[in-house]
Structure formats: C-alpha cells, structure tokens
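Q: take this sequence and fold it.
(2 chains)
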Amino acid sequence: MARIKLENISKTFGKHVALAELDLDVADGEFFVLLGPTGAGKTTTLRLIAGLEKQSTGHVSINDGVVDDWSAAERDVALVLQQYSLYPRLTVRENLAFPLKSKLRAASPDEIEKRIAYAATTLRIGHLLDRKTDKLSGGEMQRVSIGRAIVREPQVFLMDEPLSNLDAKLRETLRVELKDLQRRLKTTFIFVTHDQVEAMTMGDRIGVLNKGRIIQIGKPNEVYNNPRDTFVASFVGSPAINLIPGRLSGGKAIIDAASFQLPIERAAPEGAYTFGIRSEDVIVQAGAPVQANVHDIENHGIEKILTLRSGGHFVRASVPGTVNVAVEEVVSFGWNASKVKLFDPVSGLNIDRSTN
Amino acid sequence: MAEVQLLNVQKHFGAAHVIRDMNLTIKDKEFVVLLGPSGCGKTTTLRAIAGLEEIDSGEILIDGKPVQDLHASERDIAFVFQLYALYPHLTVFENIAFPLQATGESRDGVATKVRAVAKAIGIDHLLRLRPSALSGGDMQRVAIGRALVRRPKALLMDEPIGSLDAKLREGMRVELKRLHLENGSTSIYVTHDQVEAMSLADRIVVMYDGILQQVGTPSEVYTKPANLYVAQFIGSPVMNVAEVSLRDSADKVELVVGGEGFQFPREVLGMLDAARAGDGLSLGIRPEGVLVSREDKPGYRPVDVHLIQPYGGFDILDMNVGTKTLKARTTSGFVDRPGARVWARIDPSQAHFFDNRSGATLDIRLGE
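A: Model prediction:
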C-alpha cells in the first residue's frame, strides 16, 4: 500500500529553481514514469520522495500521511540507481542480504533466506547467488541491485534511469522484465528516465517534466495523441512530430499559399498556428496535393522515414519498408486531416488543452 | 576519388585477436557503416584505415595503393571522434581553418574554403564564437567541418553523434547524409547503434568478435540476415527466435514453438530437406511477421497477451505461446488490455530459418 502525493513542491538550490509548483498524485500500485530532458528536475523529485533531499516549500505524503520530517530510512522506499553500487567483494547472496541486516530492519536468518530466494526467482538470478558481483555482466548487476530493493519489500520502488547504462538489446529485455515485475509485485513504482520509449512502453501514466515544472500527466497514448504543448509533442515519439508554422484559413492549413496547403477537419478560429502531424499520419501517394523532393531516406527495415522538402519546409513521413524511392525524387504527399494538432504559435500550447 | 580496400587484415592486442582476416572493399563515394557491440573490432578497423593503429599483417589499399606503412598524415584521410577535440582558445573559424595552416594556402583561399564548408554544414553564423559557447550538436558540426575543409579522400567517423541527445541525433543523421551526398567523400562510420547504421548506410558491415558477420544494404541485413547474430542485432524490437520442431500430420504441417503448433505451407518440408536442416532448427520471425487477430480465423491459434507496450504509432504485444514469449506488432490500441485472448499466426513469407549449431541462415524463403 502506498499512494505518493506531492503538493505544491518547490526546490531551490541557491538561486537555481530546480522545481516549481509541482503537484503529483501517484496511485497505489501504479507504474508512474517521470520523463524529461537532463536538468528537468526528475532526479530531484525522486530524491525528495526518498527523503534524500528536503523541499523548499510544499508537502510530500505517503499514504495520506505527511512525511516531510521523516528520514529516508523511515520512509520505507527503495531507490535503484543507474550506477549499481553493489559491494564488489561480496557475493550476490551477501549483497541481497545486506539491506536486511541493518539495525532498523534486522530480519531473522530464515526470513532473509526466504526473501533472497523470492528475489532470486523473480529476477532469474538464482544461478548467480554465489558469484562475486564484479564477475557479473551489466544486466546481471542491474538485476541484483533491483533484487536488493525487492528483498526489503518496500512500499515504493524509486528508480533513477536504471537502464541507461545498458546496451540497446538488454534495455529492451529489462523494460519488459521490470514492467512484468511491477505487475506481479503490485507495488508502486516511480521511474525516472529521459528515454521516451521507456516512458511510453512501461508507464501506466507518464509525467512530463521540463525546467522544473510538470507539463503534462497522462497515459502513454494520451501524451502521444494529445500533447499539451509543442515541447511534449516533440519530446514523445520517434521520429519527432512535424511542427510546421502556417495559417488556418478556409478550412485549410496554409503553409505556403502557392505550393503547400492541406485540409484541416476540425473547427478552429482562423489565424496563425503551428501545425503538428506525426510521420505516420503523413501520406505519400501519387496525386496527393503537395509536391516535394525526397531530401533523405532512412531505412528502418519495417518502414522508411522519408524527409520531404517542399519549399523551405521539411516534413517527415513514414512509408512501408518495401517502398522504393530515391533521394531528390519528386513525390506527392498529403496528411490524415483528422490527426493534425493545432498549437498556438507563440505559447506552443495545444489549443485543445490550453484551458487546462 | 577514393576506394578503400582491406585485404586479409589481421590485428592482435596481446592475446586478443581483434581483427580476424578481414576483407572488405569500400567503393568510391560510398557510405559504409561498421556496426557492432563494444569490443567487436570496429573502432580498431577504423583506426587501422586512418593509420592510427598498425596492423599485424595484410594490406590496406587506398585507390589501389598500399598505405599500411604510411604515416596517418600521409594517407589524406580525415577523422571525426565522438569527443569533439576542438581547440577551446580558437574561434570556430580558426578551428576549421586549422588543418589548412600547413598547406601554404593564401589567407583569402583559407577564408573562402572555411566559409564554404561552414555554409554547407549550417554553422556560418557561428564562425566568430569559441567552442565553449556552442551546443553539443554545433560542436560536432565544427569538428566535421574541420575534417572536411581539407577535402580528404575519405572521411572516417567514430560514433560522432553518440554523445548527443536522441532528438538531436535524429536531426544530425539527416544532415550527415545530405552532407555526404553533396560532398561525395567516401565515408566510413563506426557505431554500435543499429538505428543509426540502418539510417545512414549505403552498406552496413556487421561485426562481432573481430569477424565480419554480414556486409549488405540496410534492406539486405534486415530482410535476409546471414545468421542469428545479425538477425537479433538488427531491428527493434528484437526478432523473435525460438527452437522449433516440425509436426507433419495428414492435413497440415505445423512448426512447434514452445509446445504450440503454427501452421505452415507443406512446401516448407521439402525446402528444409533440401537445406539439410537437422534437428537443431531455429525459427526467426520479426514482430511484424506475427499476425494477430481478435477473432478466431483459419490458420490462427489462440494465445494470451501478457504485456502491451505502446510506442505511440504502434503497439508491441508480448504473447504467451506455451513456454515461449512471442512479440507481435499491431496498430496502436489493437488489444485493449493485458490478459486478453487473441489469435496469432506466423506469416510464412516473413519466416527465417537458422541452423542452431552454426547460427547460419538456411536461406529458406517461403512465398505468401
């Protein structure tokens, strides 16, 4: 049982404002991801929850009780870091037992054995228990450090970029393992990352942070399909969403009066906008309304990402991997008019969400 | 003009055999990417071509001339590192002009060349700044500008955008390729990132353990991987691979994955026989080759969805198939919750078959 609540949190380091007006309500048993670029305040938020850092204003609650004055040890949360920080001279078993031997949480030898066995089975590291940790691979070390958190049976798991040091294939495997683990443990996870793929694929909900502020909180598909502003729109999704400045007039997005006009399905006041369209909603097809040169082709196997050049504008389009085109070839494209997002050209806010 | 050739190149570091009898021809104006995990020998190969590393035996030819005994500076090759290695006390202009100092070029000539290259890579507005005032992407642009200003025969790049953030890398990939298109120098590029390799390369050289695993265009390595290593290194999410056996009953032929049978056309039997496939047979199928239906359909079998990973534009399902997990790619939101029952089929035309022991492909391609 652990619901985590942050109310009106701010944190300053000297003159630097690390966090401002932060509100967060993470439900019991939720897998919550804090996503943002370097310096956004993700790690600071995590450390505030862990009790390793004290907020300047506001309150942290665990299970509806304010824990502002509780020490890190009293909060009963487990922190897993990018650096594994295992004891190299100890075996995996001794590393796992270590947190259970602290004075605050001393467990009986039987209990320790039971918990180690459980963690080892859960993480499939049973065969490694008697090995020294400096003999392990990166993935194995990270499993052990997660194991060290599991044995404590904490109320909350806090994870700070635990997969960032691993290679791409291993990250892919561990993403699935971690999500699966959270399902089985039914414990609250708060997971910090700068990697939008991790956030999308693992989170029940994502909180997008930028410059110390929460920009948007939502389910992965909400954040992807209805981003609050151009920052979220371009941070989430790969390739990055196309953001194209233009005017809305007569039911059309007018990017270039002579050569680049496309329909908009939704109603909105006429005027200047930034039009957002994802590459999979750009349609390359003979006879489509806009002419462009193929500026670049990226072959990703299952699909190709074309960068199309029309006048001074560049538009990325996803096409099936079997499509044959050449650089500088002239093609025609349109877009899925129902998928175009409209952003205020000055504030960058999605006009559907600017009242939030 | 620069064709780069490696003939029987060998290199050891102590007991470690880092390049094993490597033969490779990189054509003039080609963009070749050496791809592999750390320790596979890709950087050593690049450094050997540049002359920064001596080889034990074999030959390195540039335009047909052996260069293995020439000093790096005599090979007319430019090198770009992951770390920008700019001179902090010089301006961008002076950094780019630096390699021209020794050439005896006139001041006007230098200025013309620097401006031309700066314009090509989009940093002409930064020429007066010092490196400390630049973003990571701009610093790397300057490093590339410095490499190109001499008009080298070949441009060698070692993970040049590896330290940039994801969005910037996407943009830089396009820039690098356009630059190559316009500039035309033979380019050899090292990375461990398969997305980068697929995106940039005319041809990819997949390396592992000092050995070339496959050389081919991005389409070739993706659709016809030479072995299990390449099959699982290229593509994301990783290709499903499972040991399989055949079940031949009167009315149908099935491939058994994790104890569950998937229907295949009967012709697969003859093809496997012809390829002398023994017992140790593995099936490889990319997530897009696992077809999913929400209703029972002929040729499909029931499976349970264990996890759903939304990527935004599509979903990846982890499905329990007997003792195995199969990943499938579906449209976004196709399955609404984990635990759902769906029906799956393996598309025979997208199936790959590998020999378990050697890992090599059996080169069996079934029709639709």
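Q: just the helices in the stretch 1-150 of chain A please.
A: Counting by DSSP state H, counting those that start in this stretch, the stretch 1-150 of chain A has helices at residues A:42-50, A:72-75, A:92-97, A:109-123, A:138-150.
Q: over to chain B?
A: With DSSP state H as the criterion, chain B has helices at B:42-50, B:92-97, B:107-120, B:136-148, B:166-183, B:194-200, B:218-223, B:228-233, B:267-274.
Q: so what's the gap between the last one and the chain middle?
A: It stands for helix B:267-274. 31 Å (CA atoms, centre = their mean, to the nearest Å).
Q: so B:Glu260 is in contact with B:Thr325, correct?
A: No: B:Glu260 sits out of contact with B:Thr325 when judged by CB atoms under 8 Å, with a separation of 11.8 Å. Using the backbone N, CA and C atoms, a C-beta is placed for each residue, glycine as well.
Q: can I assume A:Pro37 is in contact with A:Asn210?
A: Yes: the pair A:Pro37 and A:Asn210 qualifies as a contact (CB under 8 Å) at a distance of 6.9 Å.
Q: overlap of the contact sets of the two?
A: Listed as contacting both A:Pro37 and A:Asn210 by CB atoms under 8 Å, 6 or more residues apart in numbering or on different chains are A:Phe235.
Q: in the sheet, who's paired with A:Asn293?
A: A:Arg309, A:Val330 (DSSP bridges).
Q: if we can go back for a sec, and the helices of chain B: which comes nearest A:Leu181?
A: helix B:228-233 (23.2 Å; CB to CB).
Q: get me the contact residues on the stretch 1-150 of chain B for chain A.
A: Residues of the stretch 1-150 of chain B lying close to chain A (CB under 8 Å from any CB of the partner chain) are B:37-38.
Q: reformat the helices of the stretch 1-150 of chain A as CSV; add mean pLDDT and mean neighbour count.
A: Output for the helices of the stretch 1-150 of chain A, formatted as CSV (pLDDT from 0 to 100; neighbours: other CB atoms under 10 Å in any protein chain shown):
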stretch, mean pLDDT, mean neighbour count
helix A:42-50, 95, 23
helix A:72-75, 89, 15
helix A:92-97, 93, 23
helix A:109-123, 90, 16
helix A:138-150, 89, 23
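Q: CSV for the ones you listed, including distance to chain B?
A: Listed next are the helices of the stretch 1-150 of chain A as CSV, based on distance: least, CB to the nearest CB, whole Å:
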stretch, distance to chain B
helix A:42-50, 14
helix A:72-75, 30
helix A:92-97, 24
helix A:109-123, 16
helix A:138-150, 11
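Q: tell me the contacts of A:Asn8?
A: Residues in contact with A:Asn8 (CB under 8 Å, 6+ apart) are A:21-23, A:57-59.
Q: apply 10 Å and report the result again.
A: A:20-23, A:55, A:57-59 (CB atoms under 10 Å, 6 or more residues apart in numbering or on different chains).
Q: nearest residue to residue 77 in space, ignoring adjacent ones along the chain?
A: Using chain A. A:Val156 (4.4 Å; CB to CB, 6 or more residues apart in numbering or on different chains).
Q: try again with chain B
A: B:Ala154 (4.9 Å).
Q: show the pLDDT at the one you found.
A: Note on B:Ala154: pLDDT of 93.
Q: hmm, A:Leu308 and A:Val327 touching each other?
A: No: with contact defined as CB atoms under 10 Å, A:Val327 and A:Leu308 do not form a contacting pair (11.2 Å).
Q: settle it for me: which of these two has more neighbours?
A: Shown here are A:Val327 and A:Leu308; by other CB atoms under 10 Å in any protein chain shown, A:Leu308 has more neighbours (24 against 14).
Q: the more buried one contacts A:Ile277, correct?
A: No: counting by CB under 10 Å, A:Leu308 stays clear of A:Ile277, with 11.8 Å between them.
Q: overlap in contacts, those two.
A: Contact criterion CB under 10 Å, 6+ apart; residues shared by A:Leu308 and A:Ile277: A:242, A:315-317.
Q: of the residues you listed, closest to chain B?
A: Nearest to chain B among the shared contacts of A:Leu308 and A:Ile277, counting by CB to the nearest CB, is A:Arg316 at 8.9 Å.
Q: tell me the contacts of that closest one?
A: A:239-242, A:277-280, A:282, A:295-296, A:298, A:305-308, B:170, B:174.
Q: which of those fall within strands?
A: A:242, A:277, A:282, A:295-296, A:298, A:305-308 (DSSP state E).
Q: if I look at B:His180, how far off is B:Met207?
A: According to CB to CB, to the nearest Å, B:His180 and B:Met207 sit 21 Å apart.
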